[in-house]
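Chemist: A structural model of the following input is requested.
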Amino acid sequence: MRILLVNPPRSPHNGILEHAPAEALRFIHKKLIGPPLGLLTVAASVRDHDVFLLEMKGEYDLDPDAPPPRRLMRRWLEETRPDVVGTTVITSEYNAGMEILDEAKRFDPSVLTVAGGLHATLCAGDFAGGPADVVCQGHSAPVFAKVVRARESGTPLEAVGGIFLNAADGYGRSGAPAPEVDAARRDFVRPDRSLVERWIETYRVGKSAGPATYVFTSLGCPYGCTFCSIWPMHGGTYSPREVESIVEELASLDDYPVVRFADANTLVDARFVERLFDRIEEEGIRKQYIMDMRTDAAVSHPRLIEKLARNGLAVVVSGFESFRDEELDRYKKTEKASLIHEAIRVFHDNGVMIRGNYMVPPEYGRDDFAELAEYAASHRVAYAGYTILTPMPGTSLYREVEGEIVDRDLDKYNFFNCVLEPKLPIDEFYERVASLWTIKEGTDVI
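Modeler: As a prediction, the model looks like this:
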């Protein structure tokens, strides 16, 4: 079987960037840097077939003058002649993903088209009647492998559990029961990074000496923030990997001096993280690490932060979200704003650069923006991000405010566009959010 996996391009919509003053333009991040970990895991699950990867994000980073997505897709279809085409879909890339699968069907109606990813897991109903023959939910590498085997053997896809099907008689779940997939341990599949060699030089963070890759040390999150899609995808569970599995993967990453841990929050279980970094130290693995970490975790474990920094922790991304306790309570963040100051101190004492991210709710007026600007200026971090509170489909926030949404273009659901009615005129709202991006210590972005 010939399989083409496609990572969709980024959404072109960024209201903050479009309204930013000149001095803020270079700070506003335009991309997440790193290879498509999910697709590389899916690829590894079917490595006994001929697998091709089109990394559209990397392709447009490598060649900004590459042809539009449909033409680029057609070129790869002509070169690879696949039997199966698969793509991964987050909300802001849903439309691009459907365009990719539609082009595959236009090229050859007999091609089996498969969609997976976060949006497929949380919003499977959005795929009804669309160009995806099969929709896989969750961490679906083992399920995708079963779909490929069924296609190869001529077995009806109804026999594969854990999928939705667009069939002649309508859209719905397959008849077979969904398998229990333990993607962090029993069913862990190491990603096949050989497929991104063409784009490896585009995976650079700021001025780092080499490219970065993603590695997950855990799946899920035990917290229940209203705006987050991660914990709903995992049903509120948290599953760490085996320490030795992580160490073996890190030791194999000779081409990647920078590792971005792809965890919702790396420091959930302090004992687990300490064991991991004891083994990293014992094995002499030298990398620069980027982690997501809550402020309460840092404040509770300063000695562990010291150990992590000694063994390569270079940058922490921390969701400050708000400087007001009442807003944090509304988001069910279970942190207090007072921890921001202490967390900054812990990281700075250990030479760790911190990116603190704030979310701006649409109801902010001029006084709110002034107060946030004053707070951020008095709690400066190396890098700071200011995004817009967005009700992502599948989250509890979405269910809470669904009736108030004024823009349902899924391309805009990336935290850089306002899809609720703002209190201020929309242009002024964007301009004020964009201006906040200059409040930081660093001179570059990550």
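Chemist: So which residues of the stretch 101-250 of the chain form helices?
Modeler: The residue ranges that make up the helices of the stretch 101-250 of the chain, judged by DSSP state H, counting those that start in this stretch, are 118-122, 141-153, 230-233, 243-251.
Chemist: Now tabulate these in JSON lines and tack on mean pLDDT and distance to Trp199.
Modeler: In this view, the C-beta of every residue, glycine as well, is placed from N, C-alpha and C. JSON lines is the format used below for these (pLDDT from 0 to 100; distance: least, CB to CB, whole Å):
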{"stretch": "helix 118-122", "mean pLDDT": "97", "distance to Trp199": "22"}
{"stretch": "helix 141-153", "mean pLDDT": "97", "distance to Trp199": "21"}
{"stretch": "helix 230-233", "mean pLDDT": "96", "distance to Trp199": "25"}
{"stretch": "helix 243-251", "mean pLDDT": "98", "distance to Trp199": "20"}
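Chemist: Turn those into CSV, columns for mean neighbour count and distance to Thr41.
Modeler: Rendered in CSV, the data for the helices of the stretch 101-250 of the chain read as follows (neighbours: other CB atoms under 10 Å; distance: least, CB to CB, whole Å):
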stretch, mean neighbour count, distance to Thr41
helix 118-122, 23, 14
helix 141-153, 20, 5
helix 230-233, 20, 15
helix 243-251, 16, 12
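Chemist: So which of the ones you listed is nearest Leu308?
Modeler: Each of the helices of the stretch 101-250 of the chain has some distance to Leu308 by CB to CB; the shortest is helix 243-251, at 13.7 Å.
Chemist: what residues does the closest one touch?
Modeler: Contacting residues not belonging to helix 243-251 are listed as 185, 188, 190, 215, 217, 259, 272, 275-276, 279-280, 283, 285, 287 [CB atoms under 8 Å, 6 or more residues apart in numbering].
Chemist: ok, and the most crowded of the residues you listed?
Modeler: Of all these, Thr217 has the most neighbours under the rule other CB atoms under 10 Å, reaching 25 neighbours.
Chemist: Run through the residues that contact that residue.
Modeler: Taking CB under 8 Å, 6+ apart as the criterion, Thr217 is in contact with Pro240, Arg241, Ile246, Phe261, Asp263, Thr266, Val273, Leu276.
Chemist: circling back to that earlier point, let's see which of the contacts of helix 243-251 end up in strands.
Modeler: Judged by DSSP state E, strands contain the following of the contacts of helix 243-251: Val215, Val259.
Chemist: Serialize the helices of the stretch 101-250 of the chain to a markdown table and add fields for distance to Lys333.
Modeler: Formatted as a markdown table, the entries for the helices of the stretch 101-250 of the chain read as follows, by distance: least, CB to CB, whole Å:
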| stretch | distance to Lys333 |
| --- | --- |
| helix 118-122 | 20 |
| helix 141-153 | 32 |
| helix 230-233 | 12 |
| helix 243-251 | 28 |
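Chemist: and of those helices, who's closest to Phe323?
Modeler: Once CB to CB is applied to these, the stretch that comes out nearest is helix 230-233, at 23.3 Å.
Chemist: Without its sequence neighbours, what residue ends up closest to Arg185?
Modeler: Glu242 (6.0 Å; CB to CB, 6 or more residues apart in numbering).
Chemist: For the one you found, what are phi and psi?
Modeler: phi -70, psi 130 (degrees, to the nearest 10).
Chemist: Tell me the predicted confidence for it.
Modeler: According to the predicted model, the pLDDT of Glu242 comes to 98.
Chemist: re the thing from before, closest one to Gly125 out of the contacts of helix 243-251, please.
Modeler: Phe188 (29.5 Å).
Chemist: That closest one is in contact with Arg241, isn't it?
Modeler: Yes - with contact defined as CB atoms under 8 Å, Phe188 counts as touching Arg241 (6.5 Å).
Chemist: overlap in contacts of these two?
Modeler: Residues touching both Phe188 and Arg241 by CB under 8 Å, 6+ apart: none at all.
Chemist: quick revisit: Glu79 is nearest to which of the helices of the stretch 101-250 of the chain?
Modeler: For these, the distance to Glu79 is smallest for helix 141-153, at 20.1 Å, taking CB to CB.
Chemist: which residues are in contact with that closest one?
Modeler: The set of residues that contact helix 141-153 without belonging to it, under CB under 8 Å, 6+ apart, is 1, 3, 41-42, 44-46, 49, 83-84, 86, 112, 114, 116, 134, 136, 155-157, 159-163, 179, 181, 183, 187, 189.
Chemist: how about 6 Å then?
Modeler: Residues from elsewhere that reach helix 141-153 (CB atoms under 6 Å, 6 or more residues apart in numbering): 1, 41-42, 45-46, 112, 134, 136, 157, 160, 162, 181, 187, 189.
Chemist: Please point out which parts of stretch 326-345 sit buried.
Modeler: Going by neighbour count (16 or more other CB atoms under 10 Å), the buried part of stretch 326-345 is Glu327, Leu328, Tyr331, Lys333, Glu335, Ala337, Leu339, Ile340, Ala343, Ile344.
Chemist: From these, pick the one nearest Leu313.
Modeler: Distances from these to Leu313 were compared by CB to CB; the smallest belongs to Ala343, at 13.7 Å.
Chemist: right, and that closest one touches Ser300 too?
Modeler: No - contact criterion CB atoms under 6 Å: Ala343 and Ser300 do not qualify, at 9.9 Å.
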